[in-house]
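Novice: no FASTA, just this:
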Ligand SMILES: Nc1ncnc2c1ncn2[C@@H]1O[C@H](COP(=O)(O)OP(=O)(O)OP(=O)(O)O)[C@@H](O)[C@H]1O
């Protein structure tokens, strides 16, 4: 199955490039930058990804020169990829003092197959520090922007192309058309990639890997492991497969039981629920910082995995461990900020690598992206509640229950309040931090709270103005209770306790039931409900340690960027009224931040 090789030069968008190519129906594989020409010959063409490096740095990633001189296949360099092509073939790249970041208007200077059916003027997304200033011999300029002379270049005879903008991000108006032109008109690839049609091949592979041994499959209740487990169930007889589900205590309301029932309904009763909730809760006793929480949950999960493996070994020597690993888990692009930290409890720890070396690891979906896994799940006839579930983080509600060791009042902020007043609103800053993304990095910044009467469009404008204007704020929440008094807002100390988790579980269940009743859940990518230790003592319980619930519904296509979901305000207020009936809940807010600058989750 030929297709397109994407060479990873460390860009955070590497997966996005591979995904876009697959969306065109063409297989694509991400390979290390030093992959040799012999391996690349099996592909129809090569894309060199972007990346944070600079060609002038000695240890920035490079590709072998022979990819450009000997391979004879079309090559497209994107951003850093273009600069690398220029450098390797004798052109000049200079370091700019100011990084160009954002939309630019792209003008085509010379028509070419790459720009077939693309208007001569359109918008393209730029994000670069270095710039090409002179071209290698044989290259011509195909397009420019106001600030970039060499926005697209090519040696058309050798089919080597370079573009400074990012066609893979949705902000580039005709990005998909440009990628499609490269893939079909320049590489002549065939649209033969269809993950759902690979079902029979996958079933054969599962049988071959299991080779008569018992498969213990780790099922988390998430889409990936649900589909992988169901696939194993079609491949193997019931006595050769058992699902293992670890209840961490950080699951949503009735989640474990619902999962068991959902599998039972489709004839898969072999799920063993392992209740380790107390162990997880004990481990989190005094954890406040989000990284600290993840660093405690990850190793404990691995410890439990290890215990399960030892138990299997004692029970029966003939076993294989299954996991719902998918493609982005197996390849962490070099540029993904914080990847190491985020994924500590993930599928690539040394014990798992050891099992793989012993041929005791089964990961049937390791070639697929999540939307492809969903397509496969549908082809298997799995019910929507197993296949279309919203993504849910491994550490679960533990990272949706914010902790604090502070006592502080909400901070007045003239600048933010000034922006709000232009729209008839008010604003302040909560002395509480949440995670965001800025450029290639994770940020950990304050949250702004706004209140007043507004329509969604206004909230969107105000939120963008605040986060663009004040770099110490990466998230904005809108108070759903009109009677808020900022002076009565207090951040107080709070740890991760079973009582707080229970309240959050109830709030989450209320919000999701109402969402379901209005038939809106499939419009959303995800709908985290978050508990923050912020009380609004006014009137109700002045001495209380009341809390605030945040509703965080988002739209997204791939989780890499996201927009706050424009759910009807009357529905959000209905959710807020119901949630405010819970003991200890003072206030409910609606998160009106996009990603970037905020992340989907708060921690
Ligand atoms: N609580 C759990 N119980 C059993 N297995 C788990 C659990 N959490 C994770 N796993 C296993 O580890 C894999 C990776 O976990 P992770 O939390 O990263 O989920 P994911 O990549 O979103 O996949 P999924 O959609 O299956 O949850 C899962 O596919 C599953 O095989």
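Specialist: All right, it came through fine. These numbers were taken from a predicted model, which means no experiment stands behind them. Residues are numbered from 1 along each chain as shown.
Novice: how about the residues of the protein that lie near the ligand?
Specialist: 218-220, 222-225, 244-246, 248, 323-324, 329, 346-347, 391, 394 (CB under 6 Å from any ligand atom). The way it works is simple: take the backbone N, C-alpha and C, and place the C-beta from them, glycine included.
Novice: Flag every buried residue along the lengthiest helix in the chain.
Specialist: Taking DSSP state H as the criterion, the chain has its longest helix at helix 290-315. Neighbour counts using 16 or more other CB atoms under 10 Å place 290-291, 293-294, 296-298, 300-302, 304-305, 308-309, 312 of helix 290-315 among the buried residues.
Novice: Let me see the mean pLDDT of stretch 123-143.
Specialist: When pLDDT is averaged along stretch 123-143, the result is 93.
Novice: scratch that, stretch 376-396 is what I was asking about
Specialist: The average pLDDT for stretch 376-396 rounds to 91.
Novice: Please identify the buried residues of it?
Specialist: By neighbour count on 16+ other CB under 10 Å, the buried set for stretch 376-396 is 376-377, 379-380, 382, 386-387, 389-390, 392-396.
Novice: okay if I get those as CSV plus distance to residue 192?
Specialist: Shown next, in CSV, are the buried residues of stretch 376-396 (distance: CB to CB, whole Å):
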residue, distance to residue 192
376, 16
377, 21
379, 16
380, 21
382, 25
386, 28
387, 24
389, 29
390, 31
392, 33
393, 35
394, 34
395, 39
396, 39
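Novice: coming back round to it: kindly indicate which of the buried residues of helix 290-315 lies nearest the ligand.
Specialist: When these are compared for distance to the ligand (CB to the nearest ligand atom), residue 301 wins out at 6.8 Å.
Novice: how about whatever residue of the chain ends up closest to the ligand, phi and psi?
Specialist: Minimum separation of the chain from the ligand (CB to the nearest ligand atom) falls at residue 222, amounting to 2.0 Å. Note on residue 222: backbone dihedrals following degrees, to the nearest 10 are phi -80, psi 160.
Novice: hang on, isn't it packed against residue 392?
Specialist: Yes. If you go by CB atoms under 8 Å, residue 222 and residue 392 touch, sitting 6.0 Å apart.
Novice: Please tell me I have it right and residue 286 contacts residue 495.
Specialist: Yes. Residue 286 is within contact range of residue 495, at 6.5 Å (criterion: CB under 8 Å).
Novice: Looking at these two, which is more packed in?
Specialist: The residue with more neighbours, out of residue 286 and residue 495, is residue 495; 15 against 10, by other CB atoms under 10 Å.
Novice: What residues does the nearest residue to the more buried one once chain neighbours are set aside make contact with?
Specialist: Spatial nearest neighbour of residue 495, excluding adjacent residues (CB to CB, 6 or more residues apart in numbering): residue 403 at 5.4 Å. Residue 403 makes contact with 287, 288, 293, 494, 495, 496, 533 under the criterion CB atoms under 8 Å, 6 or more residues apart in numbering.
Novice: Am I right that the last one is in contact with residue 492?
Specialist: To tie it back to what came earlier, the one meant is residue 533. Yes. In this structure, residue 533 is within contact of residue 492 by CB under 8 Å, at 5.3 Å.
Novice: Just the strands from the stretch 51-200 of the chain, written as ranges.
Specialist: Per DSSP state E, counting those that start in this stretch, the stretch 51-200 of the chain carries strands over the ranges 75-78, 92-108, 121-134, 140-144, 152-155, 160-163.
Novice: got the contact list for the first one?
Specialist: Where contact means CB under 8 Å, 6+ apart, the residues beyond strand 75-78 that reach it are 11, 17, 45-50, 67-68, 83-85, 159-163, 166-168, 182, 186.
Novice: Next: the last one.
Specialist: Counting by CB under 8 Å, 6+ apart, the neighbours of strand 160-163 from elsewhere in the structure are 68, 74-79, 81-83, 85-86, 89, 114, 132, 139, 143, 150-154, 178, 182, 186.
Novice: Past the lowest-mean-pLDDT helix or strand in the chain, which element shows up next along the chain?
Specialist: For the chain, counting by mean pLDDT, DSSP states H and E, helix 339-342 ranks last in confidence among helices and strands (a mean of 39). Downstream of helix 339-342, the first helix or strand assigned by DSSP states H and E is helix 350-357.
Novice: From the chain's centroid, how far away is that following helix?
Specialist: On the basis of CA atoms, centre = their mean, to the nearest Å, helix 350-357 sits 25 Å off its chain's mean C-alpha point.
Novice: Run through the neighbouring helices and strands of it.
Specialist: Packed against helix 350-357 by the contact rule (3 or more CB pairs under 8 Å, 6 or more residues apart in numbering; DSSP states H and E) you find helix 290-315.
Novice: And the average pLDDT for the helix it packs on is what?
Specialist: Per-residue pLDDT over helix 290-315 has a mean of 88.
Novice: and it with helix 350-357, angle?
Specialist: Here the directions of helix 290-315 and helix 350-357 differ by 40 degrees (axes from the mean of the first three to the mean of the last three CA atoms, to 10 degrees).
Novice: In helices, which of the contacts of strand 75-78 fall?
Specialist: Per DSSP H, these map to helices at 17, 67, 68, 83, 84, 85.
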